[in-house]
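1. sequence first, predicted coordinates after that:
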Amino acid sequence: MAPSATEVGSIQELNTVFELKEWLLGRVGDDNDIVIDDLQEEYAERYDLEDEKKGIRGTKAWSENNAAIAMYEGKPKDLGPEWDWDGFRKCRANGPKDSTGKLMGEGIIMWENKDTFQGVFNNGIMNRTGTITRATENGTKVSGEWVNGLLKGEIKETLVNTGWMEGYYKDGVPHGFYREFGPRYNSVNILRSMGRYYRGVMRGWYWKGHYDFSGYLVGKVDDEGKLTGEDIAYIYPDFKLAIKGKFVDGVLIEGHQCDLIGSYMDDGIMIPVFGEPRGPAFEYEHPSIRNIAMHPLLRDPWEDKKVYVGDSMLPQGGEGLFAKRDIEKREVVALYNGIKFKSSTYASEHMPRSDYRIRLNGDLDMDIPKGYHLTSQYSATLAHKANHSFVPNCEWSLFEHPRFGLIRALTAQKPLARGQEVLVNYMMTLAKSPDWYRCVWIQHMRVVKKGDDKAIQRYIDRQYELQGYRIPLPESEELNVPEPHGVDMSEVPAEYLRDEYQTDEAAVQFARKMAGIVDEVKEKTPDAEDRFEEITEVD
C-alpha cells in the first residue's frame, strides 16, 4: 500500500518529496540512467525466490512457451527443404553455416507474415542475438538475445506511439525490472510506467506516468498484476497534492485528496508517503457523449488552488479566468473537461454549432453542453472560461486525469502573476470562424502586426492557396461578441446517441459513407444442399 506518515514512523525519518521527485524524474525518467540495470542486478534474484515460494503462476504465454520448447525436436519432417523452424513458426533463414549445417554468424530470418530478424546466429537458429521487426505491428522492433528459441535477458522494444520499453525477459515473456517511455513532450522523454515482472505477471510496486507529465499513479499491484487496491494514489504534477483511495485496474473508484509529505526507499523503489485524507470523495466521472460529469459542481482540488472566474478585462469578454496565485512558465493552469464523442460519427455530424467544441485527439472531440458553461451548472473544471487572444499567455495541452480521463488543459507559455487573466488562442479556422473572431483577428493584424489592408489581403490570398478556403472579411470591424452557448444535445437525433453509434466500427462506416464508398453486397452463394434441392426439384 501507499503508506501514511503514521505507518512508517515520524516524518523526520522519511526522505523528502524532493528526493522522491529526483529519483522518479532524475533517475527512472532519464533514459540515459542505468537504474533498471542496477535494480535488476541487486534485487531481481531475491524477488524471484520470493515469488516462487508464493507460488505465483506465470502468464498463459509463459506456459505455452515452455511447453513448446519442451516438445521441440528440431525441424518438423513435413516441412519442405525451403522452410526452417524456429520452435514456433515456419520461416526462411539465411546465413553462413558451420560444418554440421547449423547457422553461425550474421544472417536473417523471414516469416510468413513478413516479420524479419537480422542479427548473429550462435550454434543454430534457436540461439541468436539481434532485432526482430514486426510487420504486423506497424514495424515495431524487439532487440535482444534468444536462447533455446526464447527471448532472454536485457531487451529493448520500440512501440507504435514512438515510445519504447527497456527491461528484462526470460522464457520469452517479461521477467524482471522494466521501464517504458512514451512520445516526447517539450523535447523530453515521458516516463509512462516502471515496475517489475515475474513470468509475465506484474508484481510489487508500480509507477504509471500520465500523458505530458500530467501526474503519476502509484501503488502495489494485486496477485493478477493489476493496479487494484484500497491504497493506490494519483499524484498531481506538482508533487504536492494527491488523490488516494480505491482503484480497480487503474480506475478511480473512491478517493480523497491528501498531501504528499515524504518518501522512503523500499528495495530500490522510492515509495511516497501521504498525509491524512480529507474533503469529499472523488471517483471516475465516466464522461461520454451524454455525460460531462456525474458530479459537475465538485471542483478539482488542484485546479481550485490555481484559478478563479471573474469579469474579463477584455472588451465584451464577459466572464474570464484569472490566476489565483503566481503561475510558473510551463505549469498547468486549468483543466478542460467536456462531453466526449468521436469526431466522425452520425452524432458529430448532426450536432449544432457550439462555442466550446475542441479537438481532443485524432479520434475524439470535446464540447460543453448547453447551460453547462455557467458555473452554477458546471464547475468541476474551469478552462472553458478562459477567453481568446491572438497574443495568449497559455497554450493547449493534454492532461490524463483520474476523474475525467484524457482531457485538454491550459499550460502557461510565460509566468503569470496573481490576478492576471488567463488567455489562450482558440485556434479556430479563420475561414469558418464567427464574425467576432475575425474582427479580433483584423484588430490584431492592424495593431500588433502593424499590417495595412494590403498586408491583410496578402495573408488571405496566401491562406487560400494553402488551404483552399478564403477568409471572408466581416461586414463591419466593430466588435460584437454574442453570449456564448454550449451544444444543444436535444437537437441531435436520439438514435445517434446510442452506444452502438459511438464505436470504432460505426465511425469507420460513417467515414466511408462521407467519402462516397459503397460497400458491395455479394450475392449469397447457395450451399451444396441448396443446389442439390434445386436440381432435383420436379414441377
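-> Yep, that arrived.
2. so what's the most centrally placed residue in the chain scoring on pLDDT?
-> Ranked by distance to the mean C-alpha position of the chain (C-alpha atoms, centre = their mean), the top residue is Tyr211 at 5.5 Å. With respect to pLDDT, Tyr211 has a value of 90.
3. pull up the gap between the nearest residue to it once chain neighbours are set aside and Asn127, please.
-> Distances taken as C-beta to C-beta, 6 or more residues apart in numbering place Glu400 nearest to Tyr211, at 4.4 Å, with adjacent residues excluded. All C-beta spots, glycine's among them, are computed from the backbone N, C-alpha and C. As judged by C-beta to C-beta, to the nearest Å, Glu400 and Asn127 stand 42 Å apart.
4. likewise for Lys53?
-> Counting by C-beta to C-beta - Lys53 and Asn127 are separated by 31 Å.
5. okay, the two: which has more neighbours?
-> Higher neighbour count among Lys53 and Asn127: Asn127, with 17 against 8, using other C-beta atoms under 10 Å.
6. now do the contacts for that one.
-> Listed by C-beta atoms under 8 Å, 6 or more residues apart in numbering, the contact partners of Asn127 are Phe121, Trp146, Val147, Asn148.
7. give me the phi and psi for it.
-> Asn127 has phi and psi values of phi -120, psi 110 when expressed as degrees, to the nearest 10.
8. buried subset of the contacts of Asn127?
-> Phe121, Trp146, Val147 (16 or more other C-beta atoms under 10 Å).
9. those residues in strands, which ones?
-> Residues of those located in strands (DSSP state E): Phe121, Trp146, Val147.
10. got a list of what the last one touches?
-> The reference is to Val147. Met126, Asn127, Gly153.
11. now Arg446
-> Asp452, Ile456.
12. output whichever strand or helix holds it as CSV, nothing but the C-alphas.
-> When elements are assigned from DSSP states H and E, Arg446 belongs to helix 435-447. Taking C-alpha atoms only, helix 435-447 is exported to CSV below (Å, rounded to 0.1, in the frame of the first residue of the first chain):
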residue,chain,number,x,y,z
ASP,A,435,-17.7,37.3,-37.2
TRP,A,436,-16.4,38.4,-33.8
TYR,A,437,-13.3,36.1,-34.1
ARG,A,438,-12.4,37.6,-37.5
CYS,A,439,-12.9,41.1,-36.1
VAL,A,440,-10.5,40.4,-33.3
TRP,A,441,-8.1,39.0,-35.9
ILE,A,442,-8.2,42.1,-38.0
GLN,A,443,-7.6,44.3,-35.0
HIS,A,444,-4.6,42.0,-34.2
MET,A,445,-3.2,42.3,-37.7
ARG,A,446,-3.6,46.1,-37.6
VAL,A,447,-2.4,46.9,-34.1
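13. I'd say Ile358 and Ile368 touch.
-> No: the pair Ile358 and Ile368 fails to qualify as a contact (C-beta atoms under 8 Å) at a distance of 9.4 Å.
14. overlap of the contact sets of these two?
-> Contact criterion C-beta under 8 Å, 6+ apart; residues shared by Ile358 and Ile368: Gly338.
15. ok, which stretches of the stretch 1-150 of the chain are helices?
-> Ranges of helices in the stretch 1-150 of the chain, per DSSP state H, counting those that start in this stretch, are 17-21, 35-53, 60-70.
16. what sits closest to Gly153 if chain neighbours are left out?
-> Glu145 (5.1 Å).
17. residues contacting that neighbour?
-> Here Glu145 is in contact with Arg128, Thr129, Leu151, Lys152, Gly153 (criterion: C-beta under 8 Å, 6+ apart).
18. ok, the third one - contacts?
-> Read that as Leu151. Contact partners of Leu151, counting by C-beta under 8 Å, 6+ apart, are Val142, Gly144, Glu145, Tyr169, Gly172.
19. what's the answer for the fourth one, then?
-> Residues counted as contacts of Lys152 (C-beta under 8 Å, 6+ apart) are Gly144, Glu145, Trp146, Tyr169, Lys170, Asp171, Gly172.
20. do that again at 10 Å, thanks
-> Gly144, Glu145, Trp146, Tyr168, Tyr169, Lys170, Asp171, Gly172, His175 (C-beta atoms under 10 Å, 6 or more residues apart in numbering).
21. pLDDT and distance to Pro415 for these - can I get that in JSON lines?
-> Formatted as JSON lines, these follow (pLDDT from 0 to 100; distance: C-beta to C-beta, whole Å):
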{"residue": "Gly144", "pLDDT": "98", "distance to Pro415": "46"}
{"residue": "Glu145", "pLDDT": "98", "distance to Pro415": "50"}
{"residue": "Trp146", "pLDDT": "97", "distance to Pro415": "53"}
{"residue": "Tyr168", "pLDDT": "98", "distance to Pro415": "43"}
{"residue": "Tyr169", "pLDDT": "98", "distance to Pro415": "46"}
{"residue": "Lys170", "pLDDT": "97", "distance to Pro415": "50"}
{"residue": "Asp171", "pLDDT": "97", "distance to Pro415": "53"}
{"residue": "Gly172", "pLDDT": "97", "distance to Pro415": "51"}
{"residue": "His175", "pLDDT": "98", "distance to Pro415": "47"}
